[in-house]
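[1] could you look at this predicted model? Sequence included:
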Amino acid sequence: MLYKESGRPQLHFSARRGWLNDPNGLVYADGLYHLFYQHNPYGRDWGNMHWGHAVSDDLLHWTEQEIALYPDEMGTMFSGSAVIDWHNTSGLQEGNEPPIILIYTAAGDSSPLSEGKPYTQCLAYRNAQGEWIKHEGNPVVPHIAGSNRDPKVIWHEPTRRWVMVLYMEGSDYAILVSPDLIQWRITCRLTMPGMDECPDLFQLPVDGDSTQAKWVFWACKKGGYQLGSFDGEVFIPEGELLFTVPDGANSYAAQTWSDIPASDGRVIQTTWAYKTSWPDMPFTGYMTFPCELSLVTAEEGIRMALAPVREIELIKRGQSSYGRRQLATGDDPIAHAAELMDVQLHWKPEPGSKLAIEANGAAIVYDAATEQLSCGPIIASLRVKPDGTVKLRTIIDRTSLETFGNEGILYMPVSIAPNPNHSGLRVYVNEGAGELLSMEVHELESIWNQQ
Ligand code: FRU
């Protein structure tokens, strides 16, 4: 697909037309990443929820497929997840290949398609012809409370069972287990104050040491996550609820990818760039850049860090290095004329200084006085490290600036309005001074070029 629209993100997946929200059913199967998503094919606003579908062999270059799930007599198709049923526990396998199973929510929202119907969890599977077939025995989870929705299912090897984390209502979640994806039993209920919708549950090593792995209960809003332990039935929180994303940033409903091969070993997450639309475009919404998650021991304790997936190397086109130099107010900006870039810089601010990274008509500012990073009204705390420096990495797209602060402990994806008169990258100090220890700029190629 070669898109020519002036407001089309060039480094991020968006649907050809219509509305897109949560990533659903993220699963790697037969060498392809399958991305499903909440989708209204009939308009640019939320409604008539279907599961759209796209595939990629590198998490970057996507090919949109036929819609996978259409609304039916049980309601519209709300969020959920996907797994490969390697051992055919469900008995839904046809032919020789273990099936991809979608676990979705049939929803009772207020649209005419579903009004008055209960929220339930259902299965669909891919048959030998590659079609998405809804399971005859649906629903597999009945209406429980409020609007139980957004099931995220994982295989728990120690107990050799499926585990589902499910949103209930308010800030309440539940954990369910199943031997076969069909019969489910609740084993635990959890409250995540202030959180709602789209949970996730996964394990991450601490500082790369898998003998020190922790479980993470993910709770969607502001990238909320709770570290803890999990025995296959009950999640026990340790410490407080933490956040990766500041208020107002464009990230919501994150989900991790299922069935990434053990030899790869990554936990990869994709999120929805919450509430983003531009006039005159045939689509609304896009997905953030896929990120690899890790847990690191920071000054404050164990924290989650995000980094753009290494596949970004595939779209890098040349590198420019802007070596060590002093920067002070009034100096000429360091300028780099390009639209799509990956910028990594290491900054040693003098007290009270402000560094600006300006691109495509928007700016990110690091204020050393308050130790905050901002982009317009979006403000996040980012502490100067003990060695007196700050690290910033920004993926610059036509319609977003996605910043990773201090090795990704802060993740700040911000949508920006397309600006045809963009002037490329400009880095300068607009208060005080400091030392730029290094700055690398990689120009990036559009993900739509090769299709
Ligand atoms: C989150 C959400 C989910 C729901 C879906 C509906 O953005 O509200 O809770 O399943 O979107 O589109």
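    On my side now, so go ahead.

[2] for Trp62, see how far away the residue of the stretch 201-350 of the chain found nearest the ligand is.
    Closest residue of the stretch 201-350 of the chain to the ligand, CB to the nearest ligand atom: Ala253 (4.6 Å). Where C-beta positions appear, they are placed from N, C-alpha and C, glycine not excepted. According to CB to CB, to the nearest Å, Ala253 stands 18 Å off from Trp62.

[3] likewise Ala128?
    According to CB to CB, Ala128 stands 25 Å off from Trp62.

[4] those two: who's more crowded?
    Trp62 (22 against 11; other CB atoms under 10 Å).

[5] now do the same contact list for the more buried one.
    Phe13, Leu35, Ala54, Val55, Ser56, Ile447 (CB atoms under 8 Å, 6 or more residues apart in numbering).

[6] which parts of stretch 299-317 count as buried, going by neighbours?
    For stretch 299-317, a neighbour-count test (16 or more other CB atoms under 10 Å) marks Ile302, Arg303, Met304, Ala305, Leu306, Ala307, Pro308, Val309, Glu311, Ile312, Ile315 as buried.

[7] is the third one bridged to anything, and to what?
    Translated: Met304. Leu295 (DSSP bridges).

[8] my guess is it contacts Val245, does it?
    No: between Met304 and Val245 there is no contact under CB atoms under 8 Å: 10.3 Å.

[9] overlap in contacts, these two.
    Gly223.

[10] residue boundaries of the strands in the stretch 51-200 of the chain?
    63-64, 76-84, 100-107, 120-126, 132-134, 149-156, 161-169, 172-178, 185-191, 200-206 (DSSP state E, counting those that start in this stretch).

[11] now do the last one: distance to the chain's middle.
    I take that to be strand 200-206. Put simply, strand 200-206 sits 15 Å off its chain's centre (CA atoms, centre = their mean, to the nearest Å).

[12] buried residues in the next helix or strand after that strand?
    Next along the chain after strand 200-206, taking DSSP states H and E as the criterion, comes strand 209-218. By 16+ other CB under 10 Å, the buried positions in strand 209-218 come out as Lys214, Trp215, Val216, Phe217, Trp218.

[13] what's the farthest-apart pair in those?
    Using CB to CB, the buried residues of strand 209-218 span at most 12.4 Å, a distance reached by Lys214 and Trp218.

[14] helix, strand or coil: sort out the residue lying farthest from the centre of the chain for me.
    Ranked by distance from the centre of the chain (CA atoms, centre = their mean), the top residue is Gly330, with 38.3 Å. Secondary structure, DSSP: H, G, I helix; E, B strand; the rest coil: Gly330 is coil.

[15] spit out the contact partners of it.
    Contacts of Gly330 by CB under 8 Å, 6+ apart: none found.

[16] for the residue in the stretch 101-250 of the chain that the ligand sits nearest to, give me its contacts.
    Going by CB to the nearest ligand atom, the ligand is nearest to Glu197 of the stretch 101-250 of the chain, at 3.8 Å. For Glu197, the contacting residues are Ser79, Arg149, Asp150, Tyr167, Cys220, Lys221, Ala253, by CB under 8 Å, 6+ apart.

[17] at 6 Å what do you get?
    Asp150, Tyr167, Cys220 (CB atoms under 6 Å, 6 or more residues apart in numbering).

[18] need phi/psi at it.
    Backbone torsions for Glu197, taken as degrees, to the nearest 10, come to phi 60, psi 170.

[19] same question, Ile315
    phi -110, psi 10.

[20] do the same with Thr329
    The phi/psi pair for Thr329 (degrees, to the nearest 10) is phi -50, psi 140.

[21] that one against Val429, yeah?
    Yes: taking CB atoms under 6 Å as the definition, Thr329 is a contact partner of Val429 at 5.4 Å.

[22] and the two? Which one has more around it.
    The residue with more neighbours, out of Thr329 and Val429, is Val429; 23 against 12, by other CB under 10 Å.

[23] isn't there a strand covering that one?
    Yes: membership of Val429 in a strand is supported by three-state DSSP.

[24] perfect, that will be all.
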